[in-house]
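Asks: Just to be clear, the model below is a prediction. Sequence and coordinates:
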Amino acid sequence: MPKVDTSAVSGHNAIVAHTGMQTSPSKAVGYAFEMATMLADSKSMLQSFAPFLDAESASGTAQLPKVLGYIVGTYTALAAMDKWLVGAVDQGTSSTRFILFESNTAKMVTHHQKEISQIFPQEGWVEQDPVEILHSVTECIDETMKKLSALNLKPEMVKAIGITNQRETTIVWDKVTGKPLHNAIIWLDARTSETVEKLVKKTPNRDKDSLRDKCGLPLSTYFSAVKMRWLLDNVDEVRQSVEKGHCLFGNVDTWLLWNLTGGLHGGKHYTDVTNASRTMLMNIHTLEWDDELCKFFDIPKAILPEIRCSSEIYGYLMETCLRGLPISGILGDQQAALVGQSCFKIGQVKNTYGTGCFLLNNTGNKPVESKHGLLTTVAYKLGKEKPTFYALEGSVAIAGAAVQWLRDNLGIIEKSADIETLAADVDDTHGCYFVPAFSGLFCPYWQPDARGVICGLSQFTTKQHLARACLEAVCFQTCEVLDAMKKDSGLPIVSLQVDGGMTVNSLLMQLQADLVGIPVVRPAMAETTALGAAMAAGMAEGVAVWHIDEDPPSAQGAYMFQPRTNPEERAKRLSRWKKAVERTMHWELTDLLE
Ligand SMILES: Nc1ncnc2c1ncn2[C@@H]1O[C@H](COP(=O)(O)OP(=O)(O)O)[C@@H](O)[C@H]1O
Ligand SMILES: O=P(O)(O)OC[C@H](O)CO
């Protein structure tokens, strides 16, 4: 176990709390005199420092040298920690990354990334191999560490790691063999539409929203409990393993944590509150598995992991060259991005563009129920004694996945990045609208029977127009989510902080600003999801290496895309989009009736 000096960090936290002075270790020694004077001038401030100073309360000036010495000592110790690193596993739907960050500047030091294969056994089904997911993580950690050595930096500098993950994706495995009982059913997978119908019929008012007051979510193919129900109903091996008491359930965080902390030999079967809040089984008020919800879905509590907070030591790595390091942060990927973008204040919003697109609005310490199709979710709880923060979320199922579809199914681009040059060849879509409702529509419609449409085609439509319509689809979906968010919160949203793999696409960002009519702010450092997990890991009690105290890194060097449209034009284009959306509705159902 690495030895960590936590006193300097807690000293720093105390100094900030008492003086209100935000500073970094490198600048703090210069400020020390002003800080000390401020502290010494206030008897109450000084009293609360007595435990640190080993002194009784006394008159201000008499204490000044001691206070000064304390502050200089604290910040000299902190400055010596400058070279500490924290790692984060970011296990997304399209790829896995491991990234190392400096604990005092939040700068990325080095990283490794690996694509993950998706399996499509039937229309609407999306699976991944849990073992491939696990191996991608260990490979990314080991490869990143090789890159660190190539930079002449030592592995001992890494003090902790965090995990952030695609959410809702459901994995079941046998705790005796350690083997998965089925492929991971991905959050996007829509095989459970009939399961959802049956479950809706089981509710008192036959209403998909009737569990919202407990879990914050509507009944939908998206969430884990529905996927778990399907596994119990359809896969004999899963049912038998549950009967024998061998089955463990987890989302990707839990699967990774169990395996990385020893697997068959004492692996920890935990999840964090943010991931648990996406299952439909956790009560968002008590933060515990809810008996009534488990009964409703008929899922045995015994298979569920223990719910922990998002920042604590869950266990120690038993795999990879970082063996022995604490794993001390877990957050669902969208919540991690909220933390990584430092959206700690009520009303702060971020939108992450990856395989899907997810807009989260920090609503503070109480869950807010949506009346406009958004989700209520736990945003973070960064320590056992720390308060829980909630968010309203607008989830869009298909964003970058539509770009992958143009690449893999239509072959009109070779790499995802090529879409930008292709779409930039034309000035507009020539009236073409593309609604990629591949597996239904999420927020704000929640229509599992919707299917994708491309409309407004003419003999003039080219692949360039389609590429541009694909980018606009991502933006229109965000506009609809933002609309719902404004209605639910009653507050205006003046700018949009963005991140995620798609945001390197500047044309997409400009289109987004044009269609939403507010500035879009892209951070210089796009890996805010991983950063959030690293922050949670570094802040955990007993680790305490994270001491960023200046502007959030996402605010440094950010680029702002200004809207270049007028409200009339925006309204016209959005109403056309809505017409296209109407055409996707009930397609599956119509098909079944024929
Ligand atoms: N330059 C680009 N323009 C548009 N889409 C892109 C670009 N680069 C990557 N993407 C899309 O972004 C997604 C990957 O983003 P990422 O944040 O890594 O996703 P995830 O977290 O879901 O794994 C993929 O769907 C890919 O098609
Ligand atoms: O893989 P991403 O980054 O698109 O995120 C997936 C979400 O967590 C699904 O809820």
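Replies: Looks like it came in fine. Ligands and ions are numbered 1, 2, ... in the order given.
Asks: Every contact and neighbour count from this point should use C-alpha atoms.
Replies: Fine.
Asks: and the residue in the stretch 151-300 of the chain that ligand 1 sits nearest to, what pLDDT?
Replies: Closest contact between the stretch 151-300 of the chain and ligand 1, by CA to the nearest ligand atom, is at Gln166 (7.1 Å). pLDDT recorded at Gln166 is 97.
Asks: can you pull the contacts of the spatially closest residue to it that is not a sequence neighbour?
Replies: With CA to CA, 6 or more residues apart in numbering as the criterion, Gln166 has its nearest non-adjacent residue at 4.8 Å, and that residue is Gly92. Gly92 sits next to 165-166, 333 when contact means CA atoms under 8 Å, 6 or more residues apart in numbering.
Asks: and if we set it to 10 Å?
Replies: For Gly92, the contact set (CA atoms under 10 Å, 6 or more residues apart in numbering) comprises 115-116, 133, 164-167, 252, 332-333, 354-355, 529.
Asks: Quick one, grab the pLDDT at it.
Replies: Per-residue confidence (pLDDT) for Gly92: 95.
Asks: follow-up on the earlier one: what about the residue of the stretch 151-300 of the chain closest to ligand 1, distance to Tyr222?
Replies: 12 Å (CA to CA, to the nearest Å).
Asks: The two: which is more packed in?
Replies: Tyr222 (30 against 23; other CA atoms under 10 Å).
Asks: Quick check: which element contains that one?
Replies: Per DSSP states H and E: Tyr222 is located in neither a helix nor a strand.
Asks: what sits against the nearest residue to Tyr353 once chain neighbours are set aside?
Replies: Distance criterion CA to CA, 6+ apart; nearest residue to Tyr353, sequence neighbours excluded, is Gly500 at 4.7 Å. Counting by CA under 10 Å, 6+ apart, Gly500 makes contact with 334, 337, 351-358, 400, 522, 525-529.
Asks: Any chance of a PyMOL selection covering the buried ones in those?
Replies: A single PyMOL command selects the buried members of these (16 or more other CA atoms under 10 Å):
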select buried, resi 334+337+351+352+353+354+355+356+357+358+400+522+525+526+527+528+529
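Asks: overlap between the contacts of Gly500 and the residues near ligand 1?
Replies: 354-355, 400 (CA under 6 Å from any ligand atom).
Asks: Distance to ligand 2 added to these, as TSV?
Replies: Compiled in TSV, the ones next to ligand 1 among the contacts of Gly500 are given as follows (distance: CA to the nearest ligand atom, whole Å):
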residue	distance to ligand 2
Gly354	4
Thr355	4
Gly400	8
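Asks: before we move on, the earlier item: quick check: the gap between the residue of the stretch 151-300 of the chain closest to ligand 1 and ligand 2.
Replies: Per CA to the nearest ligand atom, to the nearest Å, Gln166 is found 4 Å from ligand 2.
Asks: so that residue makes contact with Gly332?
Replies: Yes - proximity of Gln166 to Gly332 meets the contact threshold set by CA atoms under 10 Å, at 6.5 Å.
Asks: who touches both of these two?
Replies: 90-92, 251-253, 275.
Asks: Now for the residues you listed, which sits with the most neighbours around it?
Replies: Asn275 (33 neighbours).
Asks: ok, the helix or strand harbouring that one near ligand 2 or not?
Replies: Using DSSP H and E, Asn275 sits within helix 273-276. No - using CA under 6 Å from any ligand atom, helix 273-276 never reaches ligand 2; the gap is at least 9.0 Å.
Asks: Go ahead and confirm Ile161 touches Ser103.
Replies: No - Ile161 is not in contact with Ser103 according to CA under 10 Å; the separation is 11.4 Å.
Asks: Settle it for me: which of the two has more neighbours?
Replies: More crowded of Ile161 and Ser103, by other CA under 10 Å: Ile161, with 29 against 26.
Asks: taking the ones next to ligand 1 among the contacts of Gly500 one by one, which sit in helices?
Replies: Gly400 (DSSP state H).
Asks: okay, the ones next to ligand 1 among the contacts of Gly500 in a markdown table with pLDDT and distance to Cys479 next?
Replies: Compiled in a markdown table, the ones next to ligand 1 among the contacts of Gly500 are given as follows (pLDDT from 0 to 100; distance: CA to CA, whole Å):
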| residue | pLDDT | distance to Cys479 |
| --- | --- | --- |
| Gly354 | 92 | 16 |
| Thr355 | 91 | 18 |
| Gly400 | 96 | 16 |
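Asks: okay if I get the shared contacts of Gln166 and Gly332 as JSON lines plus distance to Gln510?
Replies: Listed next are the shared contacts of Gln166 and Gly332 as JSON lines, based on distance: CA to CA, whole Å:
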{"residue": "Asp90", "distance to Gln510": "27"}
{"residue": "Gln91", "distance to Gln510": "28"}
{"residue": "Gly92", "distance to Gln510": "25"}
{"residue": "Asn251", "distance to Gln510": "35"}
{"residue": "Val252", "distance to Gln510": "33"}
{"residue": "Asp253", "distance to Gln510": "34"}
{"residue": "Asn275", "distance to Gln510": "32"}
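Asks: out of the residues you listed, who's near ligand 1?
Replies: Gly92.
Asks: Show me the shared contacts of Gln166 and Gly332 that map onto strands.
Replies: Judged by DSSP state E, the shared contacts of Gln166 and Gly332 include 90-91 as members of strands.
Asks: for the shared contacts of Gln166 and Gly332, which one is nearest ligand 2?
Replies: The closest of the shared contacts of Gln166 and Gly332, once distances to ligand 2 are taken by CA to the nearest ligand atom, is Gly92, at 3.9 Å.
Asks: quick one on the thing from earlier: hmm, which two among the contacts of Gly92 are most spread apart?
Replies: For the contacts of Gly92, the farthest-apart pair by CA to CA is Glu115 and Gly332; their separation is 18.9 Å.
Asks: of those two, who's got more company?
Replies: Gly332 (34 against 14).
Asks: does the more buried one really touch Thr279, like I thought?
Replies: No - using CA under 10 Å, Gly332 is not in contact with Thr279; the gap is 11.6 Å.
Asks: Quick check: neighbours shared by these two?
Replies: 167-168, 251.
Asks: Get me the contact residues on the stretch 1-150 of the chain for ligand 2.
Replies: Selection of the stretch 1-150 of the chain residues close to ligand 2 by CA under 6 Å from any ligand atom yields 92-93.
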